[in-house]
Structure formats: C-alpha cells, structure tokens
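Engineer: okay, structure incoming, though there's no sequence with it:
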C-alpha cells in the first residue's frame, strides 16, 4: 500500500475504493477507523453547508435592502463585495491554492480579476474602489517616507507552469506595503540589465530621495543589478537578504552525507503523515 494517512485509515477500516482491505485488522481498530472517516466526511459536508449558508445570507440580505440614496447603495455594495472577497480568500487559504489569480498590481502585465465572483450588483466587482482606497492610505505615508526613508524589498516567486512573478514591497517605520508585481514568465533573458531596470523603475516610482537601500536575494544577476543601482544612486545601498543567505547555508549543510541521510528519512515520515 502506498499513500497518506487517509488511505491508511481506509485500509484499516476495510473501506473499498482506493486501497485493498487489511485482512489482519481487529474489529475494534476497524470500527475506530470507520468512525474517524465518517467524522471527517461529516465535518467536510458541514463546512461546505456553512459556506453555502453564508453566501445565501449575504446575497439575501443585499436583495432585501433597498436605499434611495445611490451613494449609500454603492457603500453597501462595496461592503458586500469586501465580505465575499474575504470569504474567498479564506477558502483559497484552506485549500492551499496559489494566489496568482489576483495579485499583479499596477506594474504587472494584467490587473486583479475574478476575486469577488458573481455578485448580486450590476457592477459585479468593486476592486477599483478598494484599489483607490489603498492608494489614498499609501499617500498618508508620504510624510514619514520623506522624513525617515524606506527600504525596497524585491522577492521572486516561481509557480506552476513556469510562472515567474517578481514582487516589490516598501518597508518603513510605519510598516510594509505591497508596491507591485511584475510577471517575468515570458522574459527570455533575466540578466543584470533586466533587474537593474526593474529596480531603477521602482526607485523612480517611490522617489530616489526616499530610498535608503534595496534588499534582494543573492542571485548573481540580481546582485550585479543591485551594484549598478549603487553606481547610479550613490546614496542607496544594495543588501543581500539575510534569510536567503541562511537558506543557502542550510542547503549546503544539507548536502553533507550524514545530514542528507537524516533529511531524507524525515521527508519519508513527512510524506507518510
């Protein structure tokens, strides 16, 4: 038998379908495993039912509430859309699905889509209003950026089907905000000049006088691009990400025979569980 903990339970419960029944399991263990599987199925159905009830409640409350003031109607629509969006986000997180459907930002190749779903409003989606609200919040950070400066953080992400997204975040004493993402999936050559241009564009968008340093991973092309930034803007420092460097260090340690054997055994245990 191969597979995870669920198939092991099905094997011990003599539940046909995915695995062969265990001929040696005791009746007590078989009964316990069947109870565990039944409880899991019941919990799964209950979760789906509650999600459907929430959806129906939100739509029903919207349809039975009418206002003469169009501006107030828009405000209610936006709140409803926000609730549906948050519910969708939680649903995605529970199922560990990639978030690539909705976050490319103003510098990406395409904007957010299909986040809120088929809402009851004629306008369907209120993401532009949320975007406008967030832009307004970012403007309130300008004084502290001018006074204390910011750090630009660059991080790449590779997903399914060779998708490559480069994220840019801005850190200040008021916290970190997402600036934009760039879809680099179809870029043929990601050399130092490519990364230099990306970083230079972000510096100009934020304001060179505000930027103190840029933090990236330690990849050769990114590193050279960071050095070009320092040459172009003498007051800006390029810094390698400490977490990335530690990750490389641990990977090198993991290549030692004695450590590699332990890691492989741990992987087998993890895959089984």
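Structural biologist: Ah, there it is. It should be emphasised that the depicted structure is a prediction, and the values quoted were computed from it without experimental measurement.

Engineer: and the helices in the protein, which stretches?
Structural biologist: In the chain, the segments counted as helices under DSSP state H are 5-12, 27-63, 70-94, 127-140, 142-148, 192-206, 220-232, 242-254, 257-272.

Engineer: ok, which of those helices comes nearest residue 177?
Structural biologist: Residue 177 lies closest, by CB to CB, to one member of the helices of the chain: helix 127-140, at 6.1 Å. (Glycine included, C-beta is placed from N, CA and C.)

Engineer: pretty sure residue 25 contacts residue 9?
Structural biologist: No: at 10.9 Å, residue 25 does not count as touching residue 9 under the criterion of CB atoms under 8 Å.

Engineer: let me know the distance separating the nearest residue to residue 217 once chain neighbours are set aside from residue 151.
Structural biologist: Once flanking residues are discounted, residue 217 sits nearest to residue 244: 4.3 Å by CB to CB, 6 or more residues apart in numbering. Distance of residue 244 to residue 151, given as CB to CB, to the nearest Å: 15 Å.

Engineer: circling back to that earlier point, reformat the helices of the chain as a markdown table; add mean neighbour count, mean pLDDT and distance to residue 158.
Structural biologist: Listed next are these as a markdown table, based on neighbours: other CB atoms under 10 Å; pLDDT from 0 to 100; distance: least, CB to CB, whole Å:
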| stretch | mean neighbour count | mean pLDDT | distance to residue 158 |
| --- | --- | --- | --- |
| helix 5-12 | 16 | 82 | 29 |
| helix 27-63 | 12 | 81 | 31 |
| helix 70-94 | 14 | 58 | 19 |
| helix 127-140 | 12 | 84 | 26 |
| helix 142-148 | 13 | 93 | 31 |
| helix 192-206 | 17 | 94 | 15 |
| helix 220-232 | 17 | 93 | 14 |
| helix 242-254 | 11 | 88 | 14 |
| helix 257-272 | 10 | 87 | 21 |
